[in-house]
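> Sequence first, predicted coordinates after that:
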Amino acid sequence: MEKLFIYNTLSRTKEEFKAINAPFLGMYVCGPTVYSDVHLGNCRTFMSFDIIYRYLTHIGYKVRYVRNITDAGHLESDGDVGEDKISKKAKLAQLEPMEIVQTYTVGFRDVMNLFNALPPSIEPTATGHIIEQQEIAKQIIANGLAYEHNGTVYFDVDKYAKSNNYTVLTNRKLEELLENTRDLDGQDEKRSRLDFALWIKAKPEHLMKWPSPWGVGFPGWHIECSAMSTKYLGEQFDIHGGGMDLQATHHTNEIAQNIAYCGKSPANYWLHTNMLTVNGQKMSKSLGNSFLPMELFTGNHPLLNKGFTPMAVRFFMMQTHYRSTLDFSNDALEAAEKAFNKLMESYKTLQTLIASGSSSEDVKAIERSCYDAMNDDFNTPVLISKLFDAIRLINSAYDKKSTVTKEDIALLQSIYQHFVFDVMGLKKEEETGKSNTALEQVMNLVLDLRAKAKANKDFATSDEIRNKLTEAHIQVKDGKEGVTWSI
RNA sequence: GGUCCUGUGGCCGAGUGGUUAGGCUCAGCUCUGCAAAAGCUGCUACUCCAGUUCGAACCUGGACGGGACCUCCA
């Protein structure tokens, strides 16, 4: 098996990866909250972990990939301010919370599918694991690290921090955290400002609520992940992932919960993916620069000149390492789209290569460097640069400037299969409209006429046809092997 | 305000104490009736200041800029 190095947030260094029970491997990734459309930032995180999942699988691990759906805990109106609005709206066309959940869960899966992300092995929901969450809260109370106050159960951070490193993930000092904590609702119920809720008493207007030993309520924000990761991957597993914004609060509390529950830190390796910016600025609705995936595909957005295919976007994301911020801009997307098309064109060229008896190229070295790139903390930008070495090699062999053997060609095929299709999860875009046979027949007719004009050296006619087609956004390409066209 | 991350050529974006990242753009060439498309070749950068070093864009310190988190958030 490949020797793989992964950047572990726990140690802030790249560590050699060792699975607890190879070849089996458990990976948990914090999934989306399904109360609104997935935005691109979410997609980027899940695409990053899709590559990680695919590569781990490729090098021989039997991965159980668990990614939750958060469908409970946040339906409450925004405290005191929002209550009025809610009651006004509630009169007409009130939706069941689970209708919202269903709508956005389906939407999320559809988008991930468009991006060719593999579904996780298990996709558990918070509402499906209320009992498990309560059990964990009970055990933490029994272990003396949580307390109930007026129907709400709080985690006792102070007490926990006396015998554990609460801030393992962030390296922050507890005193400094305390100084910087703001005043929030329910602060007076807590023993310490850092304490967080495992179970929350439901207000009467709260829509999703369940009975519990502490009264009717709903689970806290962090406990679902502790419950579901423990249930499906065990008390200790290999990899836990999520966006960097989850690191300081959600993951910190998750680790504390697990240790308070069973004395074990849940995951050996914590991976965090970086955020997404637009033209150098944070993506946010207030700045008017947030993208929905569909806006990206259709180009229906003020910041875009045109739409981009899901695969072009996927490729674009792969060009940046998962731990760097990814900046969206029209120019960068266009550049990535061209590069992606080149990668796919070269695959076609590869199919036409003719083998020589000897080889002037070292294809094995390219394959090796692809593995080296991925083994170095899943470095897809470097992987892509190595693939472009392969492209140059393919083109030069095609131009008869170099020679490749039958084995080389087979190896190039396998590099494409393994790295481009299996690991990066790229695929050829569907041909535009399968039912376009009518258009095709017309185009054949037109191009046939143009060919005849050219044969008669009637360039005025042939150029006119070409120009008119260009105006209609149809590009004519006079290749060596005949004329092709694209829209 | 606090903690942490970051600053690379026209643009995007890897990386390393001394040796070409890669893509896009651009220029030249090949091909072409001419274009386009495609291919080839070229374009040598690392915010600023000081230090460590034989040698730093890469290490250290400082300045300035950008970002994340501290509040639901991928």
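Arrived safely, thanks for sending.

> what's the spacing between stretch A:230-242 and its chain's center?
18 Å (Cα atoms, centre = their mean, to the nearest Å).

> Tell me how many other residues crowd A:Asn456.
Around A:Asn456 there are 10 other residues, counting by other Cβ atoms under 10 Å. To be clear about C-beta, it is placed using only N, CA and C from the backbone, and glycine gets the same treatment.

> Test for you: state the pLDDT assigned to it.
Looking at A:Asn456, its pLDDT stands at 86.

> Any figure for the gap between it and A:Val442?
22 Å (Cβ to Cβ, to the nearest Å).

> what about the helices in the stretch 351-487 of chain A?
Under the criterion DSSP state H, counting those that start in this stretch, helices of the stretch 351-487 of chain A are mapped to A:363-375, A:380-398, A:406-415, A:437-455, A:459-471.

> Stretch A:345-353: which residues count as buried?
Residues A:Ser346, A:Tyr347, A:Leu350, A:Leu353 are the ones in stretch A:345-353 that count as buried (16 or more other Cβ atoms under 10 Å).

> quick one: average pLDDT of that stretch?
Averaged over stretch A:345-353, pLDDT sits at 91.

> chain center to that stretch: distance?
How far stretch A:345-353 lies from its chain's middle: 30 Å, per Cα atoms, centre = their mean.

> could you dump the helices of the stretch 351-487 of chain A to a markdown table with distance to A:Leu304?
Output for these, formatted as a markdown table (distance: least, Cβ to Cβ, whole Å):
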| stretch | distance to A:Leu304 |
| --- | --- |
| helix A:363-375 | 30 |
| helix A:380-398 | 23 |
| helix A:406-415 | 33 |
| helix A:437-455 | 26 |
| helix A:459-471 | 22 |
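
> possible to save those helices as a markdown table with mean neighbour count and distance to RNA strand B?
Below are these laid out as a markdown table (neighbours: other Cβ atoms under 10 Å; distance: least, Cβ to the nearest atom of the strand, whole Å):
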| stretch | mean neighbour count | distance to RNA strand B |
| --- | --- | --- |
| helix A:363-375 | 18 | 8 |
| helix A:380-398 | 19 | 3 |
| helix A:406-415 | 17 | 14 |
| helix A:437-455 | 13 | 5 |
| helix A:459-471 | 14 | 4 |
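
> Would you mind measuring the gap between the ends of stretch A:212-220?
Stretch A:212-220 has its terminal residues 13 Å apart, counting by Cα to Cα, to the nearest Å.

> Equivalent analysis for stretch A:191-209, please.
25 Å.

> Quick check: chain neighbours aside, which residue is closest to the residue in the stretch 151-300 of chain A positioned nearest to RNA strand B?
Evaluated by Cβ to the nearest atom of the strand, the stretch 151-300 of chain A has A:Gly243 as its residue closest to RNA strand B, separated by 1.8 Å. Nearest residue to A:Gly243, sequence neighbours excluded (Cβ to Cβ, 6 or more residues apart in numbering): A:Thr45, at 4.8 Å.

> For the stretch 251-400 of chain A, what lies in contact range of RNA strand B?
A:273, A:275-277, A:280-283, A:319-321, A:324-327, A:329, A:331-332, A:334-336, A:338-339, A:341-342, A:345-346, A:377, A:379, A:381-382, A:384-385, A:388-389, A:391-392, A:395-396, A:399 (Cβ under 7 Å from any atom of the strand).

> buried subset of the residues you listed?
A:273, A:276-277, A:283, A:319-321, A:326, A:334, A:336, A:339, A:341, A:346, A:377, A:379, A:382, A:384, A:391, A:395.

> gap between the residue nearest to A:Gly243 and A:Gln247?
With Cβ to Cβ as the criterion, A:Thr45 and A:Gln247 are 12 Å apart.

> between the two, who's got more neighbours?
Between A:Thr45 and A:Gln247, A:Thr45 has the larger neighbour count (other Cβ under 10 Å), namely 26 against 15.

> Help me confirm that the more buried one is found in a helix?
Yes: assessed by DSSP: H, G, I helix; E, B strand; the rest coil, A:Thr45 belongs to a helix.

> Does it touch A:Asp245 like I think?
No: assessed by Cβ atoms under 8 Å, A:Thr45 is found out of contact with A:Asp245, at 9.5 Å.

> Next, the contact list for A:Lys62, please.
A:Pro23, A:Phe24, A:Leu25 (Cβ atoms under 8 Å, 6 or more residues apart in numbering).

> just curious, which of those residues is nearest to RNA strand B?
A:Leu25 (20.3 Å).

> Leaving aside the residues adjacent along the chain, what's closest to A:Lys406?
Nearest to A:Lys406 is A:Ala355, by Cβ to Cβ, 6+ apart, at 4.0 Å.

> can you give me the offset of the helix or strand where A:Phe316 lies from its chain's centre?
Assignment of secondary structure by DSSP states H and E places A:Phe316 within helix A:310-318. Relative to the chain's own centre, helix A:310-318 is displaced by 11 Å; criterion: Cα atoms, centre = their mean.

> Would you mark the buried spots in that helix?
Per 16+ other Cβ under 10 Å, helix A:310-318 contains these buried residues: A:Pro310, A:Met311, A:Ala312, A:Val313, A:Arg314, A:Phe315, A:Phe316, A:Met317, A:Met318.

> Turn these into TSV, including pLDDT.
Listed next are these as TSV, based on pLDDT from 0 to 100:
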residue	pLDDT
A:Pro310	93
A:Met311	94
A:Ala312	93
A:Val313	93
A:Arg314	94
A:Phe315	94
A:Phe316	93
A:Met317	93
A:Met318	93
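
> Okay, now the unreliable bits of the stretch 251-400 of chain A?
A:280, A:284-288 (pLDDT under 70).

> Mind doing that once more with 50?
Applying pLDDT under 50 to the stretch 251-400 of chain A flags no residue at all.

> how about the strands of it, start to end?
A:267-273, A:276-278, A:281-282, A:326-328 (DSSP state E, counting those that start in this stretch).

> Just send these back as TSV, with distance to A:Ala451 too.
What follows is the strands of the stretch 251-400 of chain A, written out as TSV (distance: least, Cβ to Cβ, whole Å):
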stretch	distance to A:Ala451
strand A:267-273	52
strand A:276-278	46
strand A:281-282	51
strand A:326-328	43
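
> okay, now the domains of chain A?
A:5-273, A:277-423, A:437-486 (automatic domain parsing).

> measure the last one end to end?
With Cα to Cα as the measure, the ends of domain A:437-486 fall 14 Å from one another.

> What of stretch A:23-42?
End to end - Cα to Cα - stretch A:23-42 spans 29 Å.

> Show me where the stretch 51-200 of chain A has its strands.
According to DSSP E, counting those that start in this stretch, the strands that the stretch 51-200 of chain A contains are A:62-67, A:146-149, A:152-155, A:196-201.

> so the residue nearest to A:Lys406 touches A:Leu411, yeah?
No: applying Cβ under 8 Å as the test, A:Ala355 and A:Leu411 come out as separate, 11.6 Å apart.

> helices and strands around the helix holding A:Phe316, which ones?
helix A:40-58, helix A:293-298, helix A:330-351, helix A:380-398 (3 or more Cβ pairs under 8 Å, 6 or more residues apart in numbering; DSSP states H and E).

> Next, the angle from that helix to helix A:380-398.
Here helix A:310-318 points in a direction 120 degrees away from that of helix A:380-398 (axes from the mean of the first three to the mean of the last three Cα atoms, to 10 degrees).
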